[in-house]
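> Quick one, structure for this:
(chains A and B, ligands or ions: 4)
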Amino acid sequence: MSEGTVAPDRRPRSLVVGLREAAALAPSLRRGLGITLLLAVSGSLGTLVVPLLLQRLLDVELLGTQGPDVAAAARLGLLAALIAVLAGFASWRAMYRLVRTAAHGLHELRMRVFDHLHAIPTLSVARERRGALVARVTADIEAVSQFIEWGGIGMLAGASQLGVVAVLMVVLDPVLGAVVLGIATVYAASLLAAQRVLARRYDRVRLRVATSLATAGEAISGLPTIRAYGIEERTARHVGDVLEEQFRTESRTRILGATLFSTSELFAALMTISVVGIGVSTADLTGVTAGRLAAFLLLVTLFVAPVQLLVEILDQAQSAAAGLRRVLDVLDTPRASEPEPDRSRSPSAGPLSVAVRDLTYAYPDGPNVLDAVSVDVPAGERVAIVGRTGSGKSTLVKVIARLQQPPPGTILLGGVPLEDIATTELRRRVAFVPQDPFLFDATLFDNVRYGDPEADDPRILDAFAALDLSDWLSALPDGPNTRTGERGDRLSAGERQLVALVRAWLVRPDLLILDEATSAVDPELDVRLRRAVERMTSGRTSLTVAHRLATAEAADRILVFADGRLVEDGAHHGLLAAGGTYARLHARWSVDATSV
Amino acid sequence: MNRSEGPEDDAARTAPGPLTREAVQLTLRHARGQRSAAILSILGATSFAATIVVSAGVIGWITDRLILPALAGTGAPRIGLGTATAVLLGVAAWRSASIVLRRSAAAWWQLRCEQALRRDMVAHQLGLSLRWYASRGVGDLLSVSGNDTKQATGLLAPLPFAIGSVFLLFGSMGLVLSIDVMLGLVAGLVMASVVVVDAIGSWSSFRHMERVQRALGRLSSVAHESFDGALTVRALGREQEESERFRAVSMTQRDAVVRLGRAWTGFRAVTDLAPALGTIALLTLATARAATGDVAPGELVTIAYLLSLLVVPTRLIGYLVWDAARSVAGWRRVRAVLDVTDRPTYGAMHPAADTRGAALRVEAVTFAYATGRTVLRAIDLEVAPGTTCALVGPTGSGKSTLAGVLARLWDPDAGRVLLDGIDLRDLAAGVVPANVAYVPQEPFLFDDTVRGNITLGDPSIDAAAIAGAVRTARLDEVIAQLPDGLDTRIGERGTTLSGGQQQRLGLARALARRPRLIVLDDATSAIDAEVEAEILAGLRAESERSAGLGATVILVAARPSTIVLADHVVHLEDGRVVGRGTHHELIRRSASYAALVEAYAREAAARPATTTGGAA
Ligand SMILES: Nc1ncnc2c1ncn2[C@@H]1O[C@H](COP(=O)(O)OP(=O)(O)OP(=O)(O)O)[C@@H](O)[C@H]1O
Ligand SMILES: Nc1ncnc2c1ncn2[C@@H]1O[C@H](COP(=O)(O)OP(=O)(O)OP(=O)(O)O)[C@@H](O)[C@H]1O
Ligand SMILES: [Mg+2]
Ligand SMILES: [Mg+2]
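Numbering: from 1, shown residues only, chains lettered A, B, ... in the order given. Ligands and ions are numbered 1, 2, ... in the order given. Next up is the predicted model:
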C-alpha cells in the first residue's frame, strides 16, 4: 500500500459535488433541509406583502368603486402586518435552522477528518506540516462555515425570490418572460465557465493559507532555537515573505472574482434593453400595454437584484469549495491497512515471537533503508539492536510495531502475519517507546494514563514503584499533578523518557519495543531502570535499540545493523570474539567502562 | 488545556461604550495603514450608491420618453431605442466599474490589514521572552495569528459599502422629508430603530462572539497537539481518546456558534421585519389621510418607493455594526498578544574578542521556572578561553537549564553570567548568538533543506564554512546518502532523518558559525560511541589547528568517554554545584559522582561471568 501524502490526485470537486459528499459524510447537513427550504420560501413571500398591499390600497380602497373605506384599509393593514410577521418568523426559523445545521454538520465533518487523520499512515501525516494539518480542521472548515452561514442564507432568500419573480414574469407576459429567462440561462452558463477558472485560483489560495499557518507555526514552535541563533529578524522576514505570497494570490483572486462577477450589471442591462426593445417593437403583434411593460420592468429589477446577490455569493462559494476540497481530500487518503474484522487473527496469549522474513523497506521515493532483513526472535527473548546512526534500527522497530507499513507477509508476530492482527489487539500487546517521547499538556498522571485509560492512581503509583521511580515522583513539586507542559517541555529530557517508560509499563505488553528510550537518562538511573525493565520483561519478548552498549551486554541476543542489513547476530561474548562491527563498537564504548 | 484565558464575563469590557470606542479605534488603525485602499473602496462604494439612484431615474426616464409614447400613444417617442440602449449600457458600465473598484479596493484593504496584523503578530512573538511563550500553547497562538487576525479585519468587508450608503440614506431621507415632514420623521425613526436594535443585538451577543473565538483557539490547540503527537497516539492505540478530546472542544465550538447564531438571526429577523412593518403602518395611515384628501393617492406610491430606498442602506449599516463587534472580539485576542511586553532587554556592549575562545564566568546564578520551582541555586562557574568544561549530574539536576542560561534563553533571577567579563544582559542584541552556539538535546529542525538548516539563512556562512562544519559533525556520510545532498528537504522537525542524523545536523549548524563558546547539551546522546568519538576528536583537532586556543566548550555529558575529554568537570546535583575538578579527581573524591558516571562499569563488573574485554 502506498504511503503518500494527504493530497491524492483526483479531479477537483465542484462545490455542489463537494457539498453532496459532505452531506453524505455528515448527515446533519442534510437533516431537516426540506423544512428549512420551505420556511425560507415562505419567508421570502413576505417581501411581496408591501407591493400587494400598496396595490390593494390603491385599487380597491382609495380608487375603488365604493370610494375610500378607512376601516377596510385598517383591516387590510393589520392583515398585511400579520402576514409580514409570520413571514419574518419563518425566515428567522430558516436562518437559525441553517446556522444550526451548518454548525452541527461541520462539527461532524471536522470529527470525520480528525479521526481520519489519525487513521491514515503515519508517514502521510508526518509529511504535511502541523500548521497545515490544523488548517484542515479549522481554517478550511471555517471557510465552509462562513459560506453556509452568510452565503447560504443569502442564497436561500435570493433563490426563492428568483423563483417567485420568474413565475410572476412568465404569468404576466410569456414572451418577455421567456426572453428574460433565456438571457439568464446564457449568463448562468457563462458564470459556470468563469467559476472553473476561479476554482483553481481559490485552491491556490487555500494552499497559501495553509502554508502561512504552517510557517507561522514553525516560527512559534522553534522560538528557543530562533532565539539561541539570533535569527528572529530573518525568521520574521521569511514569514513576511510567505504572507506576502498569500496576500498576492488572495488579492489577485478576489480582484478577478470582483471583475468577473461585475458583469452581472451588464447582463442586467441587457435584460432591460431586450425587454424594452422587444416590448416596444413587437407591441403591434403581442398587444403589450404600457402598464404591462412598466410592471414587467419592475419585475426585471426584482429579478436582477437577487441575481447580483447570488453572483457575489458564488464568488464566496468558490472559496468555500476550495476549503471543502482540502477537507475532503483528507478523507480520500486511504486508511492505514487494517484487516477485515472477519479475517483478523490474534496471536495466542503470552509472549510474542517476532519473525522478520526477507524484509526490504524503503521510504516513499527513497532508497532501501532495510535490505532483505530476516530474523527470528523466539517468544520471551530479550534482544538488543545496535548499529551506527542511520543504519535502519528505528525503521525496523517501527515497522514491527506497524507504525509504518511493511510489505505483507514479511513480519509475523506469534506466527500471525502482522497485517492480519486487528489494531486494538496489536496496541494492547505491543508497546513502543520512542527516543523523544511525546507528552501531552496535561498532568503527569494523565500522561501516564495514556498507556491505559482504565488505570487508577494506586496502579500508577505501583508502576512508578516497580520502576524504582517513587523517589523521583515524590520530589516533584506537585507530584502526580505536576503539569508537564506542551510536548512535556516542563520536564527535563530524561524525565520525559521516564514518564514514557511508566506509560509503556502500564500497557503490560507481550512485546516491548524500546527505541533508545533511556538515551537521556543518567547512567546510574539507567542501570536501575534497566534492572526494573528486566524484571518486568522477564518471560516477555523485548526489542531494545541502544547506543549505550551496557544494554547489549545484558541482552540475550544482539542484532547488529549496518547500512540497512543485519550484519551480526549473537550473544555478547560470541560477537566480541568474532571481532567484527560489534567488537569495534564495543571497544569504543568500553573506554567508558574501564576509563577509571 | 486549562490555559488562563482572562476573565470570561468582564462586564466593564463588554459595555457598549468601550466596545464602540474599540471598534472605531480598530477601524482607524486599519485605515491609517492603508489610506489609499480605504479611500478608493469608499469612493467605489459611494459611486455605486449613486448608481442605485441613477438607475431608478433612468428607468423612469425611459418609461416617460419611450415606452409610454410608443405604447400608450401619448405622442411621438422623444428618444430612440438606440439612445435608450446606450444610456442603459452606460449606466451598467458605470455600475460595473464601481463594483470592481469597491470590491477590489475593499478586498485589498482587508487583506493588507490582515497580512500586516499577522506579520506584526509573528514579529512581536519572536521578540518575547521564552517565559511568556511557555505559558501559551502553539496551537492557540496559531489560532490568534490565523483566525483572530482574520476576524479582526472582518469589519472592513462591509465598511466601504456601509459608508457609501450613508450618502444614499441622507439623500433618500431628504427626498422623503421634502414630500412630508411627518412621514420623514416616522421613516427616520423606523430606520434609526433598526440600527439601534442591531447595535443592542451586537453588544448583547458580544460575549458569544468572544466565546466562539476562544473556542476556535482551543480547537486549534487540541488539533495541533494531537497531530504533533500522532505517532504516540498511534503507538499506544489512543485514537479513540483523542477523538473524544477533540469532540469535546469541537462541540463547545459548535454550541458557541449556535448560541451566537440564535442571537444574531433573531435580531436580524427583527431588523428585517421592522422596515416592512413601518411601511405597512405608514401606508395604512396615509390611506386614511388620503381618504380625507390630505395626501394624494399617487403619493402613496412614492412613499412606498422611497421607504424601500431607505431599507438597503439601513440594513448595510446594521450588518456593519455586527461585523464590527465580531472584529473587536478577534482584535481583543490579537491585542492581548501584541500588548505583552515581556521581552528580553539588551545593552550596547560588545566583547573585546582578543581570544578565539570566550571567557565565561557564572556568578551566584539562581533560577526558577515560572512554575515557581527553583532549579539553579547559587551556581558559580569559571571557564577559561579555549578550555572544555563538562556539566555532569543526574537526570533533572538542572544541566539543561544552566546551558539555557549560558545561551541567554533564560535570564537568571539572581547572579549573573559574564562573557569576556561582560554581563550577558549588557551585551547588544545579536551579540550572544554571534558568540555562543547552543545545541539542545533535541535540535529543532526546520522544514527546509539541509543547507538551510545549517545556515539558517545567514548569507555570511559560505560553502567552506558549511563543508568544515559538515565534516566535523560527521554529517558528510549522511549527506552522501541523501538524494539531493545538501539541498535535500528534510521535512518538518527533520522527520526524514534518523535521530542521530538530526543531532549531527544540529551540531553542524552550531559549528558552521565558528562560535567562541559552544554549549552542547547532551548533543551526541543519539549518536553511537564510535561516531561520537570521531566528532569530539574533530572538535579537538580543529581547536589545535587554530594555533593553540580553539572555541570554549561547555559539554553536558553522561558518558565517561566524553567527560574525560573535558579539562574541567562540574558536578551538579539538584541545582547546586557539589563538586569540581577533573574527571579523575572527582572519581576519587566523590562517591556520588563515581556512582553516577561509573554505573555501567560497576554493573558490568557485578555481572557474573562477564568480562568487559576490548582495548581502552
Ligand atoms: N520518514 C522518513 N522518510 C525518509 N527517510 C527516512 C525517514 N525516516 C528515516 N529515514 C532514513 O532512513 C534511514 C534509517 O533511519 P533510521 O531512523 O531507521 O536509523 P537508525 O538506525 O534508527 O539511526 P539512529 O541511530 O540515528 O536513530 C536514514 O538514512 C534516514 O535518513
Ligand atoms: N520549562 C520548565 N518549567 C518548569 N520546570 C522545568 C522546566 N524545564 C525543566 N524543569 C524542571 O527543572 C528541573 C531541571 O531540568 P533540566 O532540564 O535542567 O534538567 P537536566 O539536568 O538537563 O536533566 P536531563 O539530564 O534529564 O536532561 C527538572 O526537574 C525539570 O522538571
Ligand atoms: Mg533511531
Ligand atoms: Mg537536559
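> tell me which element the closest residue to B:R103 other than its chain neighbours is part of?
Of all residues not flanking B:R103 in the chain, A:A258 sits nearest, at 3.6 Å (CB to CB, 6 or more residues apart in numbering or on different chains). Placement of C-beta: from N, CA and C, glycine included. Assigned by DSSP states H and E, A:A258 falls within helix A:232-261.
> Mind telling me which residue of the stretch 101-250 of chain B is nearest ligand 1?
Here the stretch 101-250 of chain B gets closest to ligand 1 at one residue, B:L231, 10.6 Å apart by CB to the nearest ligand atom.
> per-residue pLDDT, the closest residue to that residue other than its chain neighbours?
Of all residues not flanking B:L231 in the chain, A:T122 sits nearest, at 5.7 Å (CB to CB, 6+ apart). Looking at A:T122, its pLDDT is 78.
> wouldn't A:T122 be in contact with B:R234 here?
Yes - using CB atoms under 8 Å, A:T122 is in contact with B:R234, at 5.8 Å.
> coming back round to it: list the buried residues for the helix holding A:A258?
A:232, A:234-236, A:238-240, A:242-243, A:246-247, A:249-251, A:253-258, A:260-261 (16 or more other CB atoms under 10 Å in any protein chain shown).
> again with stretch A:560-572
Neighbour counts over stretch A:560-572 (16+ other CB under 10 Å) mark A:V560, A:F561, A:A562, A:G564, A:L566, A:E568, A:G570, A:H572 as buried.
> Show me what residue of the stretch 401-550 of chain A gets nearest to ligand 2.
Counting by CB to the nearest ligand atom, the stretch 401-550 of chain A gets nearest ligand 2 through A:G494, at 2.5 Å.
> What number of residues are in the vicinity of that residue?
For A:G494, the neighbour count with other CB atoms under 10 Å in any protein chain shown is 25.
> That one contacts A:P523, doesn't it?
No - taking contacts as CB under 8 Å, A:G494 lies outside contact range of A:P523: 10.9 Å.
> picking that back up, wait, isn't the residue nearest to B:R103 in contact with B:S98?
No - between A:A258 and B:S98 there is no contact under CB under 8 Å: 10.8 Å.
> So which residue is dead centre in chain B?
B:S145 (3.1 Å; CA atoms, centre = their mean).
> I'd like the distance between that one and ligand 4.
Here B:S145 is placed at a distance of 30 Å from ligand 4 (CB to the ion, to the nearest Å).
> can you pull the contacts of that residue?
A:L213, A:A216, B:R118, B:M121, B:V122, B:Q125 (CB atoms under 8 Å, 6 or more residues apart in numbering or on different chains).
> Equivalent analysis for A:L76, please.
Per CB under 8 Å, 6+ apart, neighbours of A:L76: A:L53, A:R56, A:L57, A:E61, B:T284.
> Surely it is in a helix?
Yes - counting by DSSP: H, G, I helix; E, B strand; the rest coil, A:L76 is located in a helix.
> and the gap between it and ligand 4?
84 Å.
> Was I right to think A:E419 contacts A:A336?
No - applying CB under 8 Å as the test, A:E419 and A:A336 come out as separate, 10.2 Å apart.
> In the stretch 251-400 of chain B, which residue sits closest to ligand 3?
Closest to ligand 3 within the stretch 251-400 of chain B is B:T395: 20.6 Å, counting by CB to the ion.
> which secondary structure element contains the residue lying closest to that residue once chain neighbours are set aside?
The spatial neighbour of B:T395 that comes closest, neighbours along the chain excluded (CB to CB, 6+ apart), is A:G494 at 3.3 Å. Taking DSSP H and E as the criterion, A:G494 maps to helix A:493-507.
> For A:V311, give me its contacts.
Counting by CB under 8 Å, 6+ apart, A:V311 has contacts A:L191, A:F261, A:S264.
> if we go to 6 Å?
A:F261, A:S264 (CB atoms under 6 Å, 6 or more residues apart in numbering or on different chains).
> repeat for B:L505
For B:L505, the contacting residues are B:N453, by CB under 6 Å, 6+ apart.
> can you tell me how far B:A38 sits from B:R29?
Here B:A38 is placed at a distance of 11 Å from B:R29 (CB to CB, to the nearest Å).
> So, low pLDDT: which residues of the stretch 51-200 of chain B?
B:72-74 (pLDDT under 70).
> What pLDDT does the model give the closest residue in space to B:T232 that isn't next to it in sequence?
Distance criterion CB to CB, 6+ apart; nearest residue to B:T232, sequence neighbours excluded, is A:F438 at 4.1 Å. On pLDDT, A:F438 comes in at 89.
> Does A:F438 fall in a helix, a strand, or a coil region?
At A:F438 the chain is in coil, as set by three-state DSSP.
> To what extent is it buried, counted in neighbours?
20.
> is stretch B:458-477 anywhere near chain A?
No - figure legend: stretch B:458-477 not in contact with chain A (CB under 6 Å from any CB of the partner chain); closest approach 7.4 Å.
> Mind listing what's buried along that stretch?
Applying 16+ other CB under 10 Å to stretch B:458-477 flags B:I461, B:A465, B:I466, B:G468, B:A469, B:V470, B:T472, B:A473, B:R474, B:L475 as buried.
> Inside helices: which ones of those?
Using DSSP state H, the subset of the buried residues of stretch B:458-477 located in helices is B:A465, B:I466, B:G468, B:A469, B:V470, B:T472.
> was I right about B:Y133 contacting A:L223?
Yes - taking contacts as CB atoms under 6 Å, B:Y133 lies within contact range of A:L223: 5.4 Å.
> who's more crowded, the two?
A:L223 (24 against 21).
> what's that one in contact with, if anything?
So A:L223 contacts B:Y133 (CB under 6 Å, 6+ apart).
> Let's see that with 7 Å instead.
B:L126, B:L130, B:Y133 (CB atoms under 7 Å, 6 or more residues apart in numbering or on different chains).
> Skip the chain neighbours and tell me the closest residue to the first one.
Right, B:L126. B:L126 sits nearest to A:E232 (CB to CB, 6+ apart), 4.3 Å away.
> how much space is there between the one you found and A:S538?
From A:E232 to A:S538 the distance is 52 Å (CB to CB).
> any weak-confidence spans in the stretch 351-500 of chain B?
B:353-354.
> Quick one: the helices in it, in order.
Using DSSP state H, counting those that start in this stretch, the helices of the stretch 351-500 of chain B run over residues B:399-406, B:431-435, B:450-455, B:463-472, B:476-481, B:499-511.
> Tell me, how many residues neighbour B:L130?
19.
> Excluding chain neighbours, give the residue nearest to it in space.
B:L409 (5.6 Å).
> Confirm for me that the one you found is in contact with A:P224.
Yes - with contact defined as CB atoms under 7 Å, B:L409 reaches A:P224; the gap is 5.8 Å.
> Pull up the overlap in contacts between those two.
In contact with both B:L409 and A:P224: B:L130, using CB under 7 Å, 6+ apart.
> Looking at the two now, which is surrounded by more residues?
B:L409 (23 against 19).
> In contact with that one, which residues are there?
Contacts of B:L409 by CB under 7 Å, 6+ apart are A:P224, A:R227, A:A228, B:L130.
> switch to 6 Å and redo it
Here B:L409 is in contact with A:P224, A:R227, B:L130 (CB under 6 Å, 6+ apart).
> how near is it to A:P480?
29 Å.
> Make sure B:R131 is indeed in a helix.
Yes - B:R131 forms part of a helix when assessed by three-state DSSP.
> From B:R493, how far off is A:H547?
Taking CB to CB, one finds A:H547 at 21 Å from B:R493.
> Check A:A194 too.
From A:A194 to B:R493 the distance is 42 Å (CB to CB).
> What is the neighbour count of B:G137?
When neighbours are counted by other CB under 10 Å, B:G137 comes out with 22.
> try A:G574
Neighbours around A:G574, by other CB under 10 Å: 13.
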